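[1] What follows is a predicted structure for the sequence shown.
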Amino acid sequence: MKNQHQKHPPRVKHIAGAPKKCAKSKIPGAEGCAGNPRDPALESTVESFAWDTVNRVRRLAQLSKRYPAQMRNVARQLLTWPVMSSMPYLTGDDTWDDYVDLELGSEYPLDTSSRARIHHESAMGRYLTNWIERLHEFRLSIRFRPQEVPGQARPDEETIRRCWGSEHEPEPGPKIVAVLRVVLTLPALTKATSHEWSQRALVPLIMLADAGSDETTCREPALQAIWRQKGVKSAGTFRSRLFSSVCQMVRKRARPA
């Protein structure tokens, strides 16, 4: 491994035209890198990213030990935490010791206890889990974003679009942005708030993004099953059945209040 005192490699400039993300590092990641792995330019980019990550994780361990209360605010919202394993008998250090008091995942919206009823085998369970995780990450991106305008209380429309947008889907329209504004006002998702989340966030977003107008225009298998239910002949009936299914599933999967 390189010596700790070696100079940090130069930062790689952001590729022109690449989609901007909220609260992300300006160093380009390994994801999305395609082409010949022996390409010197690609190799330099990946090596620079790896070395930058090494230093950031090392610094994160130091900051976690020095500022546990502040780090705990973020750790409680996550299921994973960047930890670089070491060989304690060689280095005299074990970075994991710095993270034991962070209460990792204690405020994650899904129940992570050993008694949690997981629905990975269910198409609707997997589908809703993806939505919940994405909305949670969106709220974190807004909450922990660098303040572009000091003292700005509410994020503007452009910030919401950046923090929600994905390179694999079109830019969110005004109706989705309006629902996302509501999402930012909701209390934390728990079993006690699952009804409110289902009614004001999940169902409206699903109707706008994936429901389609009937079974033929819907591309999501979990939703196609609802369209095929007996008596579902209109969007209104579909929405009613969807709400019942979503509310029940979210209540089962959400963490206790």
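    Everything's here; your move.
[2] Can you classify the residue nearest to Gly165 when sequence neighbours are not counted by secondary structure?
    Here the nearest residue to Gly165 in space, its sequence neighbours aside, is Glu171; by CB to CB, 6 or more residues apart in numbering that works out to 5.9 Å. Heads up, the C-betas are built off the backbone N, CA and C, glycines and all. At Glu171 the chain is in coil, as set by DSSP: H, G, I helix; E, B strand; the rest coil.
[3] how much space between Glu171 and Arg162?
    Per CB to CB, to the nearest Å, Glu171 is found 10 Å from Arg162.
[4] Same question for Ser48.
    Ser48 is 24 Å from Arg162, where distance means CB to CB.
[5] Which helix or strand lies directly C-terminal to the worst-scoring helix or strand of the chain on mean pLDDT?
    Least confident helix or strand of the chain, by mean pLDDT, DSSP states H and E, is helix 88-91 with a mean of 51. Sequence-wise, the next helix or strand downstream of helix 88-91 (DSSP states H and E) is helix 123-143.
[6] Off-centre distance for that following helix?
    6 Å (CA atoms, centre = their mean, to the nearest Å).
[7] tell me the pLDDT at Arg126?
    You'll see Arg126 listed with a pLDDT of 91.
[8] same deal with Phe144?
    We have a pLDDT of 82 for Phe144.
[9] thinking it is in contact with Val74, fair?
    Yes - the pair formed by Phe144 and Val74 meets the contact definition of CB atoms under 8 Å, at 6.7 Å.
[10] neighbour-wise, which of those two wins?
    Val74 (16 against 12; other CB atoms under 10 Å).
[11] how about the more buried one, what does it touch?
    Leu140, Phe144 (CB atoms under 8 Å, 6 or more residues apart in numbering).
[12] For it, give its distance to Ala178.
    28 Å.
[13] cool, Leu102 as well?
    35 Å.
[14] Sketch out the low-pLDDT regions of the stretch 151-257 of the chain for me.
    Low-confidence segments of the stretch 151-257 of the chain (pLDDT under 70): 151-153.
[15] Can you show me the helices along it?
    Taking DSSP state H, counting those that start in this stretch as the criterion, the stretch 151-257 of the chain contains helices spanning 157-164, 174-185, 194-197, 203-209, 221-227, 235-253.
[16] The first one - contacts with which helices or strands?
    Contacts defined by 3 or more CB pairs under 8 Å, 6 or more residues apart in numbering; DSSP states H and E place helix 157-164 against helix 123-143, helix 174-185.
[17] List of residues touching the longest one?
    Contacts made with helix 123-143 from outside it, assessed by CB under 8 Å, 6+ apart, are listed as 21-23, 74, 77, 108-110, 118-120, 155, 159-160, 163-164, 180, 183-184, 189, 201-202, 205-206, 220-223, 225, 245-246, 249-250, 253.
[18] Just the buried ones out of the residues you listed, please.
    22, 74, 77, 108-110, 119, 155, 159-160, 163-164, 180, 183-184, 189, 201-202, 205-206, 220, 222-223, 245-246, 249-250, 253 (16 or more other CB atoms under 10 Å).
[19] which helix of the protein spans the most residues?
    Secondary structure of the chain per DSSP state H: the longest helix is helix 40-66.
[20] Tell me the buried residues in it?
    In terms of neighbour count (16+ other CB under 10 Å), helix 40-66 has its buried residues at Thr45, Val46, Ser48, Phe49, Trp51, Asp52, Thr53, Leu60, Ala61, Ser64.
[21] Looking at those, which two lie furthest apart in space?
    Thr45 and Ser64 (28.2 Å; CB to CB).
[22] who are the neighbours in contact with the residue lying closest to Leu189 once chain neighbours are set aside?
    The shortest distance from Leu189 to any non-neighbouring residue, by CB to CB, 6+ apart, is to Pro109 (3.9 Å). Shown in contact with Pro109 (CB under 8 Å, 6+ apart): Ile132, His136, Ala188, Leu189, Thr190, Ala254, Arg255.
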